[in-house]
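Engineer: What would the 3D arrangement of this be:
(chains A and B)
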Amino acid sequence: MTSGGPETGWRRLHPLTILKELGALAWALVAALLLDFGQPPMLEDIAGPEAVISVGVFGYAVARYLFTAYRITDQSLEMRRGVFVKSFQSMPRDRVQAVSTNTSFVGRLLGITTVEVSAADAEDIRLGFVSEEAADGLRRVLEKALTATEEEGEADRHAVASLDFGRLLTFGLTETGLVPAVLLLVGTVVVAFTFGWFFAPLTFGFVVIWPLIRTLGLVGFRSWIEESRVRVEAGILGRRRNESPLGRIQAIQVNRPPLRRLLGLETISIVTGDVGVSSDTVLLAGAVAPLERIGTWRSISEALIGRVALGEATLEPSSRHTIRRMMVRGALVLALVVAAVGAATLWLGVAWWIAGVVAALGLIGLIAYSAARWKVLGWAADEHHLLVRRGVVLRRLTVVPIHKVQDITVRSTFFQRRLGIATVEVDTAGLMLAGRVVAIDLDEDRARALADHLADVAAQTALPDGV
Amino acid sequence: MTTASFPLQPLGPDALRVRRLRVILETLAALIVVTVAVIAARNWVDIPIPVWGLFVLVVLGAAFAWWWAGVDHSRWAWRLTTDQLEVRRGVVIRRAHLIPRSRIQNITSTAGPLQRRFGVTTITVHTAGARTPNVSIEDLDAGHAEGIRRRLGLV
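Structural biologist: Residues are numbered from 1 along each chain as shown, chains lettered A, B, ... in the order given. Below you'll find the model as predicted:
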């Protein structure tokens, strides 16, 4: 597999990569078949244009494989590829945010896997396929120097979380997507039995499959800290592994979707600067502890980013004016809905009072929601961290080490200014899948003071590469 | 760090000139497009609305854009303190961006022909933040832009 001597160190991918390249070129084969004006290829046609194109495609796939190579130097991970258009990609090793490997079931049988090395920009280095042992070698780009740790250091291992069968089941059953999915399925089953439209549940059955796949992706989940890297492993048939240096964690996100909150459970994830979240890793989406008792986020955060002095008890509420802002915003939407319902009832000539009922229920709901939202919104900051909480339904808590803050924005709309409130938004190198980090609707001067505090602390900590 | 010793600086008068000139050029372009469209359309169909209405719309839009350019221009402000860059902007939604100097990864400046003619430039400040490009100051005096780049050691 090694091309060239040890001093160059260039390595090729696994030969089975040719199959993947062929898959990527399948459109050319399809086009070749279509060239024949849709007629099925005859035996006597075998030497026709299809055959020529097929051979060409196969040759091109092999050439692409032969021209693709990577190497790990003392400073960086390098990759070169391309037959006609040559590309050379180089990623400094101290910029690597995460290394993840994804092994499909077939891949496991064949001993091949896909490795994705990400820095804090959108250009990830994707290597697929490589052998399991090459993947292990690639994981070592995260180590400081190639020669530092030759033997497997099993000593310094510190378990973070795992999922046994019972908790995996709980995780699956408390997936938020499951509730509407099951309701939809039950609804269509009822419709099927009433109207004899028997294939209806089949199509809606697919809606249930998504939470199911998400849960199956977490079979055998475990996460641990090893050599100041957080490592995650999950999957039974296909297997995903992910590891990130602890110093690259941009934020910690704690999610408490409704069903899980009801059972006193939460999901804890890390956010790294791995911007290009690929389909391979999106299932895990940084979860380091999928199912823990509410409050566990603190001990896990401390294991990952050091002592966190802030807690939910220390959260400061947003300005009460946020209730009014929410009600005005909601009232505008409600007015439109009521007007639409009213117009519909008038036009259809049915009970016009339905619009009134909608208005009353909507107003009650709006008042309850606005008050509940104010109770949930909260923020706290000290010399080291920013802690924000938001979300009435999908509640989430975010811990950001202030030295990871890249820039701060104080934002106020026309209506916010009339109420004397503003929102503080913080940007880190981490991509927040669950929304931005914001402290919503603080009093104007407090918002400004918080922004200044964050900017000051961030300015004092000069990071070597700013990430 | 005292922000008092670093007063917020507005955009210069040249920025407003550039913006208003842009409005004039865009209005002329819109008038030409409308004229050509009307002439072309007349060959095929009867235009059901009075043609002068279209021109009035364009002129009204131009008047609004002229006024808006002034309002928007007056909302821009910036300052570079010892350890951060602050940019304020926005009419309806007002924003104040704070960027610690140690987080700035690079600064790009671009200037179109019109901007060059008036000696202004648009600078964009990039950080490693996930929302990129992070902050830009449009139609900043070229001298100030150069000064910011120099003081940040990015020349």
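
Engineer: how about the helix or strand bottoming out on mean pLDDT in chain B, does it reach chain A?
Structural biologist: Here the helix or strand of chain B ranked lowest by mean pLDDT, DSSP states H and E is strand B:104-110, holding a mean of 86. Yes: Strand B:104-110 is in contact with chain A by CB under 8 Å from any CB of the partner chain, via B:104-105. Yep, even glycine has a C-beta here, placed from its N, CA and C like the rest.

Engineer: For that strand, name the packing helices and strands.
Structural biologist: strand B:120-127, helix B:142-151 (3 or more CB pairs under 8 Å, 6 or more residues apart in numbering or on different chains; DSSP states H and E).

Engineer: in whichever helix or strand comes after that strand, what counts as buried?
Structural biologist: Downstream of strand B:104-110, the first helix or strand assigned by DSSP states H and E is helix B:113-117. For helix B:113-117, the neighbour count (16 or more other CB atoms under 10 Å in any protein chain shown) marks B:Q115 as buried.

Engineer: average pLDDT for helix B:113-117?
Structural biologist: Average pLDDT, helix B:113-117: 91.

Engineer: who does it touch, helix- and strand-wise?
Structural biologist: Using 3+ CB pairs under 8 Å, 6+ apart, helix B:113-117 sits against helix B:13-42.

Engineer: now for the helix or strand following the helix it packs on, which elements pack on it?
Structural biologist: Going down the chain from helix B:13-42, the next helix or strand is helix B:51-75, by DSSP H and E. The contact analysis (3+ CB pairs under 8 Å, 6+ apart) places helix B:51-75 against helix B:13-42.

Engineer: Tell me the gap between the helix it packs on and the middle of its chain.
Structural biologist: Here helix B:13-42 is found 17 Å from its chain centre; the criterion is CA atoms, centre = their mean, to the nearest Å.

Engineer: quick one: it to helix B:51-75, angle?
Structural biologist: 160 degrees (axes from the mean of the first three to the mean of the last three CA atoms, to 10 degrees).

Engineer: before we move on, back to that, ok, the least confident helix or strand of chain B: who's next to it in the sheet?
Structural biologist: strand B:120-127 (antiparallel) (DSSP bridges).

Engineer: what sits up against the strand it pairs with?
Structural biologist: A:406-407, A:427, A:466, B:12, B:14-15, B:18, B:85, B:87, B:99, B:103-111, B:115, B:132-142, B:145, B:148-149 (CB atoms under 8 Å, 6 or more residues apart in numbering or on different chains).

Engineer: Run through chain B and note the low-pLDDT ranges.
Structural biologist: B:1-4, B:132-133, B:154-155 (pLDDT under 70).

Engineer: That one against chain A: which residues are in contact?
Structural biologist: B:1, B:3, B:83-84, B:92-105, B:127-131, B:134-135.

Engineer: mind running it again at 7 Å?
Structural biologist: Residues of chain B lying close to chain A by CB under 7 Å from any CB of the partner chain are B:1, B:83-84, B:92-103, B:105, B:127-131, B:134-135.

Engineer: May I see the PyMOL selection of the buried members of the residues you listed?
Structural biologist: Only the buried entries of the residues of chain B next to chain A go into this PyMOL selection, using 16+ other CB under 10 Å:
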select buried, chain B and resi 84+94+95+96+97+98+99+100+101+102+103+105+127+128+129+130+131+134+135
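
Engineer: neighbours of A:A313, just the number please.
Structural biologist: By other CB atoms under 10 Å in any protein chain shown, 6 other residues sit near A:A313.

Engineer: can you confirm it is in a strand?
Structural biologist: No: secondary structure of A:A313 (DSSP: H, G, I helix; E, B strand; the rest coil): helix, not part of a strand.

Engineer: And it, how close does it get to A:A380?
Structural biologist: 9 Å (CB to CB, to the nearest Å).

Engineer: now do A:S370
Structural biologist: In terms of CB to CB, A:S370 sits 22 Å off from A:A380.

Engineer: One more: A:R256?
Structural biologist: 17 Å.

Engineer: which residues make contact with stretch A:19-39 from outside it?
Structural biologist: A:41, A:49-50, A:53-54, A:57-58, A:60-61, A:64-65, A:128-129 (CB atoms under 7 Å, 6 or more residues apart in numbering or on different chains).

Engineer: ok, 6 Å please
Structural biologist: Identification of contacts with stretch A:19-39 by CB atoms under 6 Å, 6 or more residues apart in numbering or on different chains yields A:49-50, A:53, A:57, A:61, A:64-65.

Engineer: among those residues, which ones are buried?
Structural biologist: A:50, A:53, A:57, A:61, A:64-65.

Engineer: Any idea how far stretch A:92-102 is from the middle of the chain?
Structural biologist: 16 Å.

Engineer: same thing with stretch A:418-436?
Structural biologist: 18 Å.

Engineer: mean confidence for it?
Structural biologist: Across stretch A:418-436, the per-residue pLDDT values average to 84.

Engineer: Of all the residues in that stretch, which ones are buried?
Structural biologist: Neighbour-count burial for stretch A:418-436 [16+ other CB under 10 Å]: A:419, A:421-432, A:436.

Engineer: CSV for those, including distance to B:R75?
Structural biologist: Output for those, formatted as CSV (distance: CB to CB, whole Å):
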residue, distance to B:R75
A:L419, 20
A:I421, 19
A:A422, 15
A:T423, 18
A:V424, 19
A:E425, 18
A:V426, 23
A:D427, 21
A:T428, 27
A:A429, 29
A:G430, 30
A:L431, 30
A:M432, 28
A:R436, 23
